[in-house]
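Chemist: A predicted structure for the sequence below; I have some questions about it.
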Amino acid sequence: MIHPAMATKQRIVLLALLFLTVATVVVGLGLGASSVSFGRIVPTFLGHGTLKEEFVLFSIRLPRIVITLLAGMALALSGAILQSVARNDLADPGLIGINAGAGVAISIFFLYFPVEPGSFVYLLPLVAFGGGFLTAGLIYAFSYSKSQGLQPIRLVLVGVGVSTALSGSMIVIISSTDREKVDFIAKWLNGSIWGTDWPFVLSIIPWLAVLIPFALYKSNSLNLLSLHESVAIGSGVAVNRERIVLLLTSVALAASAVSVTGGISFVGLMAPHIAKALVGPRHQMFVPVSVLMGGWLLLLADTIGRNVGTAEGIPAGIVVAFIGAPYFVYLLLRKVA
């Protein structure tokens with residue numbers, strides 16, 4: 001049973017995150033190379049803007065903001081599930097190689113499989129899921145022991161090794177292709193939000209519409225899986241089946257996100273930890289907070305990256321890494337200590 005005081009705290013945190021998200025959206029709509037004054041945002045939304053203002057807001061800024069929010073939510077939820085299934089606070093789809101596997105699949109698909117532009121957008125999440133699924137299966141196989149079950153430390157070590165190997169294979173793949181396609185892959189590797197049109201929004205929404213409610217429905221199973229394996233078995237949970245289903249859910253969420261944002265790490269690491277610190281470790285409590293936290297973190301990183309540095313800005317993945325890498329080191333040192 002959830003204590004009423006904790007439920008109240010969760011509602012306050014969710015409202016605060018909603019406020020921060022809306023505020024960041026407004027700032028993001030008003031900042032950029034083609035500036036639209038903040039006083040003109042509401043009139044433009046109501047249909048009283050100029051042609052230029054409507055184009056900037058509805059065709060450039062708004063789809064990018066929406067896709068960034070959705071991708072951040074997906075990465076955060078993917079990380080929360082992965083940390084519970086693996087019983088490892090350092091697990092993140094970007095750090096243990098799932099994103100890299102999705103990236104290799106996307107690279108091969110983009111370089112060697114000619115497809116129609118209309119279907120390309122909607123096939124990307126499926127291709128990314130295939131690559132992420134194969135990578136996750138490989139990591140799981142090398143991290144599982146019949147006598148001890150899934151070993152959390154080995155999972156991270158194997159994942160880092162697989163990620164490094166896949167990054168090397170990515171370099172081999174792109175070394176023999178033309179400059180234009182290499183530029184696309186390079187942007188993907190940097191975590192640049194490249195899927196910034198409304199079709200990309202439509203391609204990711206069905207995945208989140210199904211998988212976010214499913215993850216919330218599986219909160220009790222996640223609570224038990226995050227404990228020792230024997231506790232979950234004693235509580236009547238079909239551990240292997242639930243673990244595989246939830247691992248597939250995590251892979252699907254990460255794949256749907258990185259198919260339009262590129263290789264972004266650390267969002268799935270930071271958001272669940274911050275959420276747990278705010279509302280506690282029960283999944284019914286921290287998963288909704290983690291989802292909103294992930295969306296806001298990635299949106300904030302992209303808003304900062306778009307408006308600093310060169311004319312093209314700094315990729316959101318790099319901005320997130322500036323924060324996430326020191327945080328990962330802190331968690332690693334705390335875990336070792």
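Modeler: Now that the structure is in, tell me what you want to look at.
Chemist: I'd like the next helix or strand past the lowest-mean-pLDDT helix or strand in the chain.
Modeler: In the chain, no helix or strand scores lower on mean pLDDT, DSSP states H and E than strand 149-150, which sits at a mean of 68. Following strand 149-150 in sequence order, the next helix or strand is helix 152-174 (DSSP states H and E).
Chemist: And the average pLDDT for that following helix is what?
Modeler: In this model, helix 152-174 carries a mean pLDDT of 81.
Chemist: what distance separates that helix from the middle of the whole chain?
Modeler: Distance of helix 152-174 from the chain centroid (CA atoms, centre = their mean, to the nearest Å) equals 18 Å.
Chemist: mind listing what's buried in it?
Modeler: Within helix 152-174, the residues scored as buried using 16 or more other CB atoms under 10 Å are 152, 154-156, 158-159, 162-163, 166, 170, 173-174. Quick note: C-beta positions are derived from backbone N, CA and C, even for glycine.
Chemist: Burial check on the residue lying closest to Lys218 once chain neighbours are set aside, number of neighbours?
Modeler: Counting by CB to CB, 6 or more residues apart in numbering, Leu246 is the residue found nearest to Lys218 once chain neighbours are left out, at 6.2 Å. Residues within reach of Leu246, counting by other CB atoms under 10 Å, total 20.
Chemist: buried residues in the helix or strand Leu246 falls within?
Modeler: Using DSSP H and E, Leu246 sits in helix 239-261. By neighbour count on 16+ other CB under 10 Å, the buried set for helix 239-261 is 239, 242-243, 246-261.
Chemist: How about stretch 7-25?
Modeler: Buried residues in stretch 7-25 (16+ other CB under 10 Å): 9-10, 13-14, 17, 20-21, 24-25.
Chemist: Need those in a markdown table (columns: distance to Ala105 and secondary structure).
Modeler: Formatted as a markdown table, those follow (distance: CB to CB, whole Å; DSSP: H, G, I helix; E, B strand; the rest coil):
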| residue | distance to Ala105 | secondary structure |
| --- | --- | --- |
| Lys9 | 41 | helix |
| Gln10 | 37 | helix |
| Val13 | 36 | helix |
| Leu14 | 35 | helix |
| Leu17 | 33 | helix |
| Leu20 | 34 | helix |
| Thr21 | 31 | helix |
| Thr24 | 31 | helix |
| Val25 | 32 | helix |
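Chemist: from those residues, which is closest to Leu208?
Modeler: Comparing the buried residues of stretch 7-25 against Leu208 with CB to CB picks out Thr21 as the nearest, at 15.4 Å.
Chemist: The closest one touches Leu69, doesn't it?
Modeler: Yes: using CB atoms under 8 Å, Thr21 makes contact with Leu69 at a distance of 7.2 Å.
Chemist: and for the two, which residues touch both?
Modeler: Both Thr21 and Leu69 are contacted by 295-296, 299, under the criterion CB atoms under 8 Å, 6 or more residues apart in numbering.
Chemist: Just the ones of those in helices?
Modeler: 295-296, 299 (DSSP state H).
Chemist: Compare those and tell me which is most surrounded.
Modeler: Leu299 (28 neighbours).
Chemist: Check the gap between it and Ala325 for me.
Modeler: 20 Å (CB to CB, to the nearest Å).
Chemist: got it, and Arg243?
Modeler: 29 Å.
Chemist: swap in Pro288?
Modeler: According to CB to CB, Pro288 stands 27 Å off from Ala325.
Chemist: Could you do Val289 as well?
Modeler: Distance from Val289 to Ala325, by CB to CB: 23 Å.
Chemist: What of Asp92?
Modeler: 12 Å.
Chemist: what about those two, which has more around it?
Modeler: Higher neighbour count among Asp92 and Ala325: Asp92, with 28 against 13, using other CB under 10 Å.
Chemist: which SS state does the more buried one fall under?
Modeler: coil (DSSP: H, G, I helix; E, B strand; the rest coil).
Chemist: Let me see the contact set for it.
Modeler: By CB under 8 Å, 6+ apart, the neighbours of Asp92 are 79, 82-83, 265-266, 268-269.
Chemist: Leaving aside the residues adjacent along the chain, what's closest to it?
Modeler: Leu269 (3.9 Å).
Chemist: you'd agree the one you found is up against Tyr330?
Modeler: No: between Leu269 and Tyr330 there is no contact under CB under 8 Å: 10.9 Å.
Chemist: So for the host helix or strand of Leu222, what gets flagged as buried?
Modeler: Assessed by DSSP H and E, Leu222 sits inside helix 219-225. Buried residues in helix 219-225, defined by neighbour count with 16+ other CB under 10 Å: 219, 221-225.
Chemist: One more: stretch 233-240?
Modeler: 237, 239.
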